[in-house]
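Asker: Build the 3D model from these lines:
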Amino acid sequence: MLEELAGSDSTEASFSQFESGLKIAENIVSFAVEIGTIQEEYQTHIFSRLPEAFSQCLSADNIDEAHIERLN
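Answerer: Model (predicted):
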């Protein structure tokens with residue numbers, strides 16, 4: 001009986017489905033890692049510009065609503 005199952009098409013199909021599922025999982029993990037890397041780079045870029053933005057705001061003599069909107 002085991003010999004029949006080991007050589008049957010259903011076992012090969014199940015293994016093929018497992019491999020396919022594993023490949024999909026690997027792709028999802030890879031994609032998630034890429035997203036995390038991009039997010040970290042974006043945050044680093046934004047945070048590196050904050051001191052300059054605050055400095056410009058603090059040194060402005062007349063900050064009106066229109067100026068604040070332009071900064072946003």
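
Asker: quick one: the spatially most central residue of the chain from C57, how far?
Answerer: Most central in the chain under Cα atoms, centre = their mean is I35, positioned 1.7 Å from the mean C-alpha point. With distances taken as Cβ to Cβ, to the nearest Å, I35 is found 32 Å from C57. Glycine gets a C-beta too; all of them are placed from N, C-alpha and C.

Asker: so which strand or helix has the residue nearest to the centre of the chain?
Answerer: helix 9-59 (DSSP states H and E).

Asker: Summarise which helices and strands that helix is packed against.
Answerer: Where contact means 3 or more Cβ pairs under 8 Å, 6 or more residues apart in numbering; DSSP states H and E, helix 9-59 is packed against helix 65-71.

Asker: can I get the CA coordinates of the helix it packs on in PDB?
Answerer: Extracted C-alpha coordinates of helix 65-71, given in PDB (Å, rounded to 0.1, in the frame of the first residue of the first chain):
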ATOM      1  CA  GLU A  65      -1.300  80.800   7.200                       C
ATOM      2  CA  ALA A  66      -0.400  80.800   3.500                       C
ATOM      3  CA  HIS A  67       3.300  80.200   4.400                       C
ATOM      4  CA  ILE A  68       2.400  77.300   6.700                       C
ATOM      5  CA  GLU A  69       0.300  75.800   3.900                       C
ATOM      6  CA  ARG A  70       3.300  76.000   1.500                       C
ATOM      7  CA  LEU A  71       5.400  74.100   4.100                       C
END
